[in-house]
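Student: Could you look at this predicted model? Sequence included:
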Amino acid sequence: MKVTLKNGEIREFDCPMTVISIAGAISEGLARNVCAGLQNGEVVDLRTVIAEDCELTLLTFDDEEGRSAFRHTAAHILAQAVKRLYPETKLAIGPSIADGFYYDFDRPEPFTPEDLEALEAEMKKIVKENLKLERFTLPRAEAIALMKEKDEPYKVELIEDLPEDSELSFYRQGEYVDLCAGPHLMTTKMVKAFKLTSIAGAYWRGNEKNKMLTRIYGTAFTKAADLEAYLTRMEEAKKRDHRKLGKELGLFTLMEEGPGFPFFLPKGMVLKNTLIDYWREIHTRENYVEISTPIMLNRTLWETSGHWDHYKENMYTTVIDETDFAIKPMNCPGGVLVYKSQPHSYRDLPLRMGELGLVHRHEKSGALHGLMRVRCFTQDDAHIFMTQEQITDEIKGIVRLIDEVYSLFGFKYHVELSTRPENSMGSDEDWEMATDGLRKALDELNLDYAVNEGDGAFYGPKIDFHLEDSIGRTWQCGTIQLDFQLPLRFEVEYTGADGEKHRPIMIHRVVFGSIERFIGILIEHYAGKFPVWLSPVQAKVLPISEKCSEYAKSVYQTMRGHGIRCEYDDRPEKIGYKIREAQMEKVPYMVITGAKEAEEGTVAIRYRDSGENVTMSLDAFIAKVQKETRNRE
């Protein structure tokens, strides 16, 4: 039996071996650290027997699938601790997630923070016991009988939904047995650094009609130092929470009258419009034209686009004059209609049409989260119509534009190429041509990228840009989608140099993604301390006393006259109090005016970020702020 490892090395074995045994044959250290295997591209358990030639990657905590197996084991340790301390509790589900794991429980009494401390102590005992995780399978009927014997009704329900001929997988560790597909670690001993982080409510199977369960979240690492670093980062994230800062800084609000529909306040509108002004500037430079399409269009359009069949559950619909209409969840079909409103020739292509379109998508109430997950948002869309020969150059131009924007805000990013999903439309040939077009552009730009199999849009493959913010979190924002399908479905054409009709190819792309979500990301990225060009209030004029108010007012009026966004604080408060408040409001510059400044015609400037105090002429300060705004420093 030949096993080809990730580095290309081939190992030969005389008989079938488990994944953990193969790891042990390579090195003892690898056997101690391996969490799962990847056999011919499929994640497998450490207990899986390899009986024939294959490609095998041995996954550790450094690999996403390895971390998942590690944290899935931590979820089982949590569930075992719950059953030991609170045996009346019923088990639901407990998967690993991006930053840790959770487990859903049904318990008569709600869990408290004190319970989490007791559970962590019990989990440490289970880890110390070094319990083996043993996998076994049962036919469906025996599996139901076992879970009924253990009085686990949620597990029984899950099993009963499976076909009668199913063979169910279970894992046992000590007295604890759980229905689970795996994979898992070999023993509990490896899970030494963990923390239970929070408690939340969760409907059984995500259905609001079902019972509300208690979800306990946690995370786990191989090293205590990594856990500590993660917890520190999470504490920093709490301080940066855009919902908290958005309220404190007067940027936006969310109201009961419109769940998921954010209200932007005056300062938030300054921020939003500043971003939009920047968007318009760079798109004008790149020869985009701007359009605006209706917010509501009839069912026939959405049937033609494919959204009625593929996306209807996320759309808001109504009836007008006995005809079905839908509020647009995407701008693209409207953009196609604009293209079709007049004839085009090859000389018009590429035609780049930008749109700041307000779209609406139905999100479940439990998924709503500040500006990050909303039910209406402004997409900074663009739809580009082009010939097949223009694909590579157009995509390269978009990538450069996205890189310019993200670099301005100080974001690092990584790129993923997402390929054909299961519920796609179109021919194999079109999908292969579109995917190759994206891949070629990335290769010619020498961009590193990961391939995300099966995660493309239903009408075409895409390139996704994942931002990394100032504390290391990632956010998916920009995307480039290549579409052969909508031009076909809408019978979009252009006249070629040969005088014949041809079908253009269409690109869908966004840079910010959602302006609302991008603002949420910026708030957390900067911790509310926006650069001067982006700050809703760039400076605050603070007179030391009422005696200086006349000069302070003239400073304020002069600054406003030169386009500086400023405020004037004439309250009868001590200057120290005014400065502290301005700092809490994260205003970049505090312009302090007293008798000395009035006499000399200067201003004393206190810098938000450094706390430095500098005296300069008013003209010099205005020129400084104008330069920082103009250059977007």
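Tutor: Thanks, I have it.

Student: Could you look up the SS state of the most centrally placed residue in the chain?
Tutor: Compute the mean C-alpha point of the chain, and by Cα atoms, centre = their mean the closest residue is Trp475, 3.8 Å away. For Trp475, the assignment made with DSSP: H, G, I helix; E, B strand; the rest coil gives strand.

Student: and what of the one 4 residues further on?
Tutor: What three-state DSSP gives for Thr479 is strand.

Student: May I have the secondary structure class of the residue lying closest to Arg473 once chain neighbours are set aside?
Tutor: What sits nearest to Arg473 in space, not counting adjacent residues and going by Cβ to Cβ, 6 or more residues apart in numbering, is Ala237, at 7.1 Å. Heads up, the C-betas are built off the backbone N, CA and C, glycines and all. Of the three states, Ala237 takes helix under three-state DSSP.

Student: what about Ala237, how many neighbours?
Tutor: Ala237: 15 surrounding residues under other Cβ atoms under 10 Å.

Student: can you map out the helices along the stretch 401-550 of the chain?
Tutor: For the stretch 401-550 of the chain, the helices defined by DSSP state H, counting those that start in this stretch cover 428-444, 485-489, 515-525, 549-561.

Student: ok, now which ones touch the residue nearest to the centre of the chain?
Tutor: If you count contacts by Cβ atoms under 8 Å, 6 or more residues apart in numbering, Trp475 has them with 466-467, 469, 517, 521.

Student: Then Thr112?
Tutor: Ile199.

Student: From Ala121, how far out is it?
Tutor: 15 Å (Cβ to Cβ, to the nearest Å).

Student: cool, Glu55 as well?
Tutor: On the measure of Cβ to Cβ, Glu55 and Ala121 end up 43 Å apart.

Student: Looking at those two, which has the bigger crowd around it?
Tutor: Glu55 (15 against 11).

Student: Where does the closest residue to that one other than its chain neighbours fall, secondary structure wise?
Tutor: Nearest non-adjacent residue to Glu55, counting by Cβ to Cβ, 6+ apart: Thr4, 4.7 Å away. With elements taken from DSSP states H and E, the one containing Thr4 is strand 2-5.

Student: Which secondary structure elements does that strand sit against?
Tutor: Packing contacts for strand 2-5, counted by 3 or more Cβ pairs under 8 Å, 6 or more residues apart in numbering; DSSP states H and E, involve strand 10-12, strand 54-59.

Student: rewinding a little: what residues are bridge-paired with the residue nearest to the centre of the chain?
Tutor: Leu467 (DSSP bridges).

Student: isn't Gly462 right up against Arg439?
Tutor: Quick fix: residue 462 reads Lys, not Gly. No - counting by Cβ atoms under 8 Å, Lys462 does not reach Arg439; the two are 11.8 Å apart.

Student: SS state for Asn219?
Tutor: In this structure residue 219 is Thr, not Asn. The three-state label given to Thr219 by three-state DSSP is strand.

Student: Give me the spatial nearest neighbour of it, chain neighbours excluded.
Tutor: Nearest non-adjacent residue to Thr219 (Cβ to Cβ, 6+ apart): Gly100, at 3.1 Å.

Student: wait, what's in contact with the one you found?
Tutor: 71, 74, 197, 217-220.

Student: Over to Phe61?
Tutor: Taking Cβ under 8 Å, 6+ apart, one finds 33, 35, 67, 70, 221-222 in contact with Phe61.

Student: Including pLDDT, distance to Lys125 and neighbour count, could the residues you listed go into TSV?
Tutor: Converted to TSV, these look like this (pLDDT from 0 to 100; distance: Cβ to Cβ, whole Å; neighbours: other Cβ atoms under 10 Å):
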residue	pLDDT	distance to Lys125	neighbour count
Asn33	95	24	18
Cys35	97	22	26
Arg67	97	24	22
Phe70	98	19	27
Phe221	97	19	23
Thr222	96	19	19
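
Student: quick one: which of the residues you listed is nearest to Val319?
Tutor: Arg67 (48.8 Å; Cβ to Cβ).

Student: following the helix or strand the closest one falls within, which helix or strand shows up next?
Tutor: According to DSSP H and E, Arg67 maps onto helix 64-85. Scanning forward in sequence from helix 64-85 by DSSP H and E, the next helix or strand is strand 90-91.

Student: Quick check: can you name the pairing partners of that following strand and their directions?
Tutor: Short version: by DSSP bridges, strand 90-91 pairs with strand 100-106 (antiparallel).

Student: orientation of the helix or strand just after the strand it pairs with relative to helix 64-85 in degrees?
Tutor: Next along the chain after strand 100-106, taking DSSP H and E as the criterion, comes helix 113-128. Following axes from the mean of the first three to the mean of the last three Cα atoms, to 10 degrees, one obtains 110 degrees for the angle between helix 113-128 and helix 64-85.

Student: name the helices or strands packed onto helix 113-128?
Tutor: helix 64-85, strand 193-203.

Student: looking at those, which has the lowest confidence?
Tutor: Of all the helices and strands packed on helix 113-128, the minimum mean pLDDT falls on strand 193-203 (a mean of 94).

Student: Direction included, what does it pair up with?
Tutor: strand 212-221 (antiparallel).

Student: Low-confidence stretches in the chain?
Tutor: Judged by pLDDT under 70, the chain has no weakly predicted residues.

Student: care to break it down by domain?
Tutor: Listed domain ranges for the chain are 2-60, 67-239, 262-295+330-525, 539-630 (source: automatic domain parsing).

Student: Export those domains to a markdown table and append columns for distance to Leu254.
Tutor: Shown next, in a markdown table, are the domains of the chain (distance: least, Cβ to Cβ, whole Å):
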| stretch | distance to Leu254 |
| --- | --- |
| domain 2-60 | 39 |
| domain 67-239 | 18 |
| domain 262-295+330-525 | 6 |
| domain 539-630 | 21 |
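
Student: and of these, who's closest to Leu245?
Tutor: Of all the domains of the chain, domain 262-295+330-525 comes closest under Cβ to Cβ, at 5.2 Å.

Student: Now do the buried residues in the strand holding Thr4.
Tutor: Neighbour counts over strand 2-5 (16 or more other Cβ atoms under 10 Å) mark Val3 as buried.

Student: partners of it, with directions?
Tutor: strand 10-12 (antiparallel), strand 54-59 (parallel).

Student: now what about the longest one, what contacts it?
Tutor: If you take Cβ under 8 Å, 6+ apart as the criterion, strand 54-59 is touched by 3-6, 19, 22-23, 26, 30, 34-41, 43, 50, 63, 65-66, 69.

Student: next one: stretch 275-287
Tutor: Counting by Cβ under 8 Å, 6+ apart, 290, 352, 354, 356, 380, 382, 397, 401, 404-405, 511-512, 515, 518-519, 534, 632 sit against stretch 275-287.

Student: neighbours around Pro259, how many?
Tutor: Count around Pro259 with other Cβ under 10 Å applied: 12.

Student: Could you dump the helices of the stretch 401-550 of the chain into CSV and include distance to Thr284 and mean neighbour count?
Tutor: CSV is the format used below for the helices of the stretch 401-550 of the chain (distance: least, Cβ to Cβ, whole Å; neighbours: other Cβ atoms under 10 Å):
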stretch, distance to Thr284, mean neighbour count
helix 428-444, 23, 17
helix 485-489, 26, 19
helix 515-525, 18, 24
helix 549-561, 27, 17
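
Student: Turn those into a markdown table, including distance to Met147.
Tutor: A markdown table is the format used below for those (distance: least, Cβ to Cβ, whole Å):
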| stretch | distance to Met147 |
| --- | --- |
| helix 428-444 | 43 |
| helix 485-489 | 45 |
| helix 515-525 | 41 |
| helix 549-561 | 71 |
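
Student: Compare those helices and give me the one nearest Lys272.
Tutor: helix 515-525 (6.3 Å).
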